[in-house]
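> Sharing a model that was predicted from the sequence below.
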Amino acid sequence: MDVTPRISADAKIIQSYSDKGFRVSGQVYTQAILVKPDEVYLVELEDFNALDLSALKGMEDVEVLIIGTGEEQKFLPKDIKEQFRSKNISTETMTTGAACRTYNVLMTEGRSIGVLLFLR
């Protein structure tokens, strides 16, 4: 029995990450990004501490947002978490490495998911 997940050839897969950037489906990014199964958005925020919902594009169809907070796990301030919740977006914060791995697994399941990745 074949248990290989079926994903679109155009699906955005996170191939690698470091403190210098991310490789997503062959493309290198050296700043914060929002990755969805069909697109990658550049995020004009320096780091997790500067998180501002108005700076994020492409969130319309995201039901679950994983947030990679850098080398250390950090938690969303209550007011930011409430802003996401008001848009029916569930959030989970974790280290950036864990966020990359989790996104890749959930993306293969066909979920309405996004991952917001910060270098630091």
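Ah, there it is.
> contacting residues around the nearest residue to Gly26 once chain neighbours are set aside?
Spatial nearest neighbour of Gly26, excluding adjacent residues (CB to CB, 6 or more residues apart in numbering): Gln15 at 7.4 Å. C-beta coordinates here come from the backbone N, C-alpha and C atoms, glycine included. Contact analysis of Gln15 by CB atoms under 8 Å, 6 or more residues apart in numbering lists 23-26.
> and Gln15, which of the three is it?
strand (DSSP: H, G, I helix; E, B strand; the rest coil).
> And the pLDDT for it?
Gln15 carries a pLDDT score of 96 in this model.
> cool, and Met1?
At Met1, pLDDT is 51.
> repeat for Thr4
49.
> Out of the contacts of Gln15, which end up buried?
Val24 (16 or more other CB atoms under 10 Å).
> Okay, and which of the contacts of Gln15 map to strands?
23-24 (DSSP state E).
> And the contacts of the longest helix along the chain?
For the chain, the helix that runs over the most residues, judged by DSSP state H, is helix 96-108. Contacting residues not belonging to helix 96-108 are listed as 5, 7, 11-14, 17, 22, 35, 37, 64, 66-71, 73, 92, 94, 113-119 [CB under 8 Å, 6+ apart].
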